[in-house]
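> model the structure of this input:
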Amino acid sequence: MNRTTAGGTSAAAPTVPAAPTAVRSAVRPAGHAVLRAGRASFLVHRRAAVVATLLAVLLTVAVVAYLCVGESFVSPVQAVDVLLGRPSPDTFVVGTLRLPRLVVGLLAGAAFGVAGALVQTVARNPLASPDVIGVTHGAGAATVAAMSFGLVSHTSLPYVSVGGGLGAALLVYAFAWRRGLNASRFVLVGIGVSIALGSLTQLFLTKGDFLVAQQAKVWLTGSLNSRGYDQAAPLGLVLLVAVPAALWAARAQRGASFDDDTAVALGIRLDRLRLGLTVLGVVLASVATGATGPVDFVALLAPQIARRLTRTAQIPLLSSALTGALVVVVADLLARRLFSPVELPVGVLTAAVGAPYLMWLIARTRGRSGGSTS
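Numbers count the residues shown, from 1 in each chain. Coordinates of the predicted model:
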């Protein structure tokens, strides 16, 4: 439709559809796509979706390799037949010896990856993880005490670990709280609590039964040896129950990454948000620790690898879970075969990779802070 101006010329009236298009482009950031399921819609980062798909493919390859490689080699076709429940001469090797251990590794790695992502989001610090701030040390201390003094059965150890991890996290949260949660203070207090709980664990080892103490020392290195469905069941149940909470956490991460002043200006209840994310991360890390022992540095490495691959503002939870599972499975496969017939605990390999990475990360962080103050 045209209208006549004061000079007698005609001008076209603005079209109506331009405004909704502008609104849609403003609401949807660049590099994102909208995924709709009925009335619900989700904003998906394209690069994060591609990375998650590639990680899933790599994890599938690692799973097949894990089931095939060992003292006796099993062809991929036979391994897949066992997974599908078809008759196979390798059913005992694959289905009884390797598959239960693999399931525990997958679940524990995913739990460590998500737990690390949540703790680093709350602390706003790449150095923070459940094993650095004392959560896994609390779970380990409680579990070693229960093992050394015969307080509970082995099937109950994951639940004891949850109690120890929650207690350690509560202690760190209480000491770090000063009219708000400061990220640096949170990490420093967590390191101090970790040292104290490590000393307490050593005390339990010296006071308990000798043979049980030796088993507890092996457990403290983090190992998937002799792990089976008894350990996988509570871990899988917790992960299943945590799925709705993880969906909420994925949306809450953006608010938790704000500083206190920005959150107050936006009307975000930051303390409750951080507390919810922390509790979820602590529960996941504690249950995984109870199933496998404290497999160090997986929760530190996985979120940072996932974030660097996806290049997202927040740490992607799905990619962190896939990366954690991939790290544990590959590390355990190498631990079984590198020094065969001697089998290393998986925690030895993850620590060998994670410790240098932690030192590099500390040096890099100090370099950045030094450059900013000069």
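
> could you point out where the chain is predicted with low confidence?
1-44, 152-155, 179-183, 255-269, 362, 365-374 (pLDDT under 70).

> quick check, central residue of it?
Central residue of the chain (C-alpha atoms, centre = their mean): G113, 1.6 Å from the mean position.

> so who does that residue touch?
298-299, 302-303, 306, 320-325, 327 (C-beta atoms under 8 Å, 6 or more residues apart in numbering). Using the backbone N, CA and C atoms, a C-beta is placed for each residue, glycine as well.

> swap in A176?
182, 185-186, 189-190.

> which residues touch stretch 79-86?
Contacts of stretch 79-86 (C-beta under 8 Å, 6+ apart): 64, 67-68, 87-88, 90-91, 94-95, 99.

> sorry, back to before: what's the spacing between the residue nearest to the centre of the chain and A56?
13 Å (C-beta to C-beta, to the nearest Å).

> overlap of the contact sets of those two?
The contact lists of G113 and A56 share L322, where a contact means C-beta under 8 Å, 6+ apart.

> before we move on, the earlier item: could you flag which of the contacts of A176 are buried?
Among those, the ones that count as buried by 16 or more other C-beta atoms under 10 Å are 182, 185-186, 189-190.

> L358: which of the residues you listed is nearest?
G190 (13.7 Å; C-beta to C-beta).

> coming back round to it: identify the farthest-apart pair in the buried ones among the contacts of A176.
Checking the buried ones among the contacts of A176 with C-beta to C-beta, the most distant pair is N182 and G190, at 12.1 Å.

> if we can go back for a sec, out of the buried ones among the contacts of A176, which are inside strands?
Counting by DSSP state E, none of the members of the buried ones among the contacts of A176 fall within strands.

> let's have those residues in JSON lines, adding distance to A291.
Formatted as JSON lines, the buried ones among the contacts of A176 follow (distance: C-beta to C-beta, whole Å):
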{"residue": "N182", "distance to A291": "33"}
{"residue": "R185", "distance to A291": "31"}
{"residue": "F186", "distance to A291": "26"}
{"residue": "V189", "distance to A291": "27"}
{"residue": "G190", "distance to A291": "22"}
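
> just give the number of residues close to the closest residue in space to G354 that isn't next to it in sequence.
Spatial nearest neighbour of G354, chain neighbours left out: F297 (2.3 Å); criterion: C-beta to C-beta, 6 or more residues apart in numbering. Residues near F297, counting by other C-beta atoms under 10 Å, number 27.

> please apply the same query to the one 3 residues further on.
Burial of L300, expressed as a neighbour count using other C-beta under 10 Å, amounts to 26.

> repeat for the one 10 residues further on
Burial of T310, expressed as a neighbour count using other C-beta under 10 Å, amounts to 23.

> distance of N125 from A174?
19 Å.

> ugh, wrong one, I meant P341
Distance from P341 to A174, by C-beta to C-beta: 48 Å.

> try T221
In terms of C-beta to C-beta, T221 sits 30 Å off from A174.

> and if you look at V238?
24 Å.

> which of those two has more neighbours?
Taking other C-beta under 10 Å, V238 and A174 do not tie; V238 has more neighbours (21 against 9).

> tell me which helix or strand that one sits in.
Under the criterion of DSSP states H and E, V238 resides in helix 229-256.

> now that helix: buried residues?
231-236, 238-239, 242, 245-246, 249-250, 252-253, 255-256.

> between the contacts of A176, which is nearest L275?
F186 (12.3 Å).

> wait, that closest one touches V172, no?
Yes. Look at F186 against V172 with C-beta atoms under 8 Å: they come within range, at 7.0 Å.

> show me the contacts for G138.
Here G138 is in contact with 164-169, 171, 193, 197, 286 (criterion: C-beta under 8 Å, 6+ apart).

> which of the contacts of A176 sits closest to A141?
Distances from A141 to the contacts of A176, taken by C-beta to C-beta, are shortest for G190, at 14.3 Å.
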